[in-house]
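Q: Have a look; sequence and predicted model below, questions after that.
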Amino acid sequence: MSAVKAFIQSKLREIEREEDCRILLAVESGSRAWGFASPDSDYDVRFIYVRAKERYLSLERRRDVIELPINDELDINGWDADKALRLIHKSNPTVFEWFASPVVYLTTPEAALFRTVMLRYFSPKSGASHYLSMAARNAQNYLLDDMVKVKKYFYVLRPVLACRWILEKGTPPPVPFSELMEHQLPDGLTETVNRLLEFKRSVPEVKMIPKIDSLNRYLRESIAQIRTEISQLPREAAKDWNELDRLFLRLLGI
């Protein structure tokens, strides 16, 4: 990992030079951050960056993302800080996951400032709805056939457990899957999921297995139950922009 990390960090510095930006945070996203990467899993690197303040004063509309060409080993892209702050205002779960990733390639004091502010913008109803939509869509697309890709079980199970975490605790779910399992998975499924985890970590991404009826049943029933619970959550008041505005101006040195 150290050689890979050094290579990724060199790519990040290259991006800073070529894009004339400063990266505030760069982390691993996806299966390597979740803790169930396959031997051939790629590296999903995500970052937040900021540019010179003059770039934000131009009337010309500019892209607020930086994307590098994807190859078999590396998928790297980032969001401008203003985009990230707008998404935090919407309680976008993806941003919360990036800032909670256990695999960090680059960080700055400014990244810590994000963390002090963003939790006050987390919406349990919005977050749970996001993960429910993900779980329901992936279940419909991948779990109905007799043979199922191993990784697709986790693409449904992880958001289901994330929903359960949010509904129970009202906070953003942890990124490591092991923590979600420990707190939210029924004891009767622990052995089944542990075996599936070990298998997932040892086989290629495309490996398929016969569907697991007990797991399918749990996921199907959970999705229906979670949908009902979310519908009963109270409507949340809109959050103001004050703290995010102050953070953005601080990032720009204004």
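A: That came through fine.

Q: which stretches of the stretch 101-250 of the chain form strands?
A: Listed in chain order, the strands of the stretch 101-250 of the chain (DSSP state E, counting those that start in this stretch) span 104-107, 147-149, 208-210.

Q: can you redo these as JSON lines with distance to R86, mean pLDDT and mean neighbour count?
A: From N, CA and C alone the C-beta is placed, and that goes for glycine too. Below are the strands of the stretch 101-250 of the chain laid out as JSON lines (distance: least, Cβ to Cβ, whole Å; pLDDT from 0 to 100; neighbours: other Cβ atoms under 10 Å):
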{"stretch": "strand 104-107", "distance to R86": "21", "mean pLDDT": "98", "mean neighbour count": "17"}
{"stretch": "strand 147-149", "distance to R86": "34", "mean pLDDT": "94", "mean neighbour count": "15"}
{"stretch": "strand 208-210", "distance to R86": "40", "mean pLDDT": "93", "mean neighbour count": "12"}
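
Q: Just tell me which of those strands ends up closest to L249.
A: strand 104-107 (21.0 Å; Cβ to Cβ).

Q: Give me the contact list for that closest one.
A: Contacting residues not belonging to strand 104-107 are listed as 5, 8-9, 12, 23-28, 45, 47 [Cβ atoms under 8 Å, 6 or more residues apart in numbering].

Q: rerun at 6 Å
A: Strand 104-107 has contacts (Cβ atoms under 6 Å, 6 or more residues apart in numbering) with 8-9, 12, 23, 25-27.

Q: again, but for stretch 209-224
A: Residues from elsewhere that reach stretch 209-224, judged by Cβ under 6 Å, 6+ apart: 135-136, 139, 143, 146, 148, 150, 156, 160.

Q: Apply 10 Å and report the result again.
A: The contact list for stretch 209-224, computed with Cβ atoms under 10 Å, 6 or more residues apart in numbering, reads 132, 135-136, 138-140, 143-150, 153, 156-157, 159-161, 163-164, 184-186, 188-189, 192-193, 195-196, 199-200, 203.

Q: From these, list the buried ones, please.
A: The neighbour count (16 or more other Cβ atoms under 10 Å) marks 132, 135-136, 138-139, 143, 148-150, 153, 156-157, 159-161, 163-164, 184-185, 189, 193, 196, 200, 203 as buried among the contacts of stretch 209-224.

Q: Among these, which lie within helices?
A: 132, 135-136, 138-139, 150, 153, 156-157, 159-161, 163-164, 184, 189, 193, 196, 200 (DSSP state H).

Q: any idea how far the residue of the chain most remote from its centre is from F122?
A: Ranked by distance from the centre of the chain (Cα atoms, centre = their mean), the top residue is L59, with 31.7 Å. Between L59 and F122 the computed distance is 33 Å (Cβ to Cβ, to the nearest Å).

Q: Tell me where this structure is predicted with low confidence.
A: Residue ranges of the chain with pLDDT under 70: 1.

Q: Apply 90 and report the result again.
A: Residue ranges of the chain with pLDDT under 90: 1-2, 38-40, 57-62, 69-73, 203-207, 235-238, 254.

Q: Would you verify that D44 is located in a strand?
A: Yes: if the criterion is DSSP: H, G, I helix; E, B strand; the rest coil, then D44 is within a strand.
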